[in-house]
Each structure stands twice: as C-alpha cells, then as structure tokens.
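Engineer: my questions concern the predicted model and sequence given below.
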Amino acid sequence: MKAIAGGMSRRQAAARFDIGPGTAVRWAKQVETTGDVAPLRMGCDRRSQRIEAHADFILARIAEKPDMTIMELREKSGSATASGFGYGTVVRFLARTTSRARRRRAMRRSRKETTSRPSARLGSRESSISIL
C-alpha cells in the first residue's frame with residue numbers, strides 16, 4: 001500500500017510484489033474506503049442487513065403471536081416489506097435476535113406398529129429400504 005501511495009499504479013505494485021492485480025486493487029480500495037489495512041471478516045452472513053432493516057416489524061409480529069411458525073412469519077414479512085426472505089434467513093435472524101427460534105416437534109414413534117423389520121438386512125427383499 002505504501003508503493004501505491006507513493007505513486008506506483010496498482011498493477012505495477014502487484015507485479016513488483018508478486019500478487020494478483022485483483023488483490024492489489026481490492027486492498028487499495030479497502031484502504032481508500034476504511035483507511036485501514038487490517039483484513040476484513042471472512043465468511044459469515046454478508047446480506048443480513050436486508051432482514052435487519054425490518055427487525056422491528058418482525059419482532060412485533062412475534063410479540064403479537066408467539067407460536068407463529070417460520071413459514072407464517074416469512075409470509076407476513078414478505079407481504080409487508082415488499083422483499084421476501086428465505087427460510088434459512090429467517091431462522092438465522094431469529095437465532096441472532098431471540099432465544100426462541102423453535103420448530104414444531106416431530107411426531108412420536110408409534111407404539112403399536114414397527115415401521116421397519118429389525119431382522120432384515122439392508123438391501124434384502126425383506127427390508128423396507130431398497131438400494132438401487
């Protein structure tokens with residue numbers, strides 16, 4: 001970054017220090033915008049600000065009806081905010097903002113009937129699962 005600040009072009013600095021031109025351009029742009037050469041965070045959710053902008057609306061709907069499913073919440077937030085959110089986006093938002101991100105419990109196992117034969121080997125004719 002000192003070479004670029006000293007008057008060298010980004011591509012010349014990339015060739016001089018044996019890095020990719022795109023890397024030199026990105027680093028120089030980061031220094032111009034933030035003034036810092038520290039690395040940015042890697043991974044994680046980069047688009048959460050879209051749903052965070054509607055956080056008050058979504059949390060108000062949850063306060064009105066605490067047992068609302070995620071699909072119902074998606075429908076209400078999508079119709080009111082003019083931008084729909086994916087299922088995973090809503091789940092991650094709820095995990096970040098509330099401690100109540102719940103899903104409906106699975107059905108209990110049947111006590112009367114077994115659903116598979118425990119003595120049958122996998123792939124055999126007696127097995128309920130067939131592998132092709």
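Structural biologist: Nice, thanks for sending it over.
Engineer: domains in this protein, by residue range?
Structural biologist: Following automatic domain parsing, one gets these domains for the chain: 2-34, 49-97.
Engineer: mean pLDDT for the ones you listed - can I get that in CSV?
Structural biologist: Written out in CSV, the entries for the domains of the chain read as follows (pLDDT from 0 to 100):
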stretch, mean pLDDT
domain 2-34, 91
domain 49-97, 81
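Engineer: with respect to Arg41, which of those domains lies nearest?
Structural biologist: Closest to Arg41 of these is domain 2-34 (CB to CB; 12.3 Å). (C-beta placed from N, C-alpha, C; glycine too.)
Engineer: buried residues in the closest one?
Structural biologist: Ile4, Met8, Arg10, Ala13, Ala14, Ala24, Trp27, Ala28, Gln30 (16 or more other CB atoms under 10 Å).
Engineer: ok so, going back, would you reformat the domains of the chain as TSV and include distance to Met42?
Structural biologist: Compiled in TSV, these are given as follows (distance: least, CB to CB, whole Å):
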stretch	distance to Met42
domain 2-34	13
domain 49-97	17
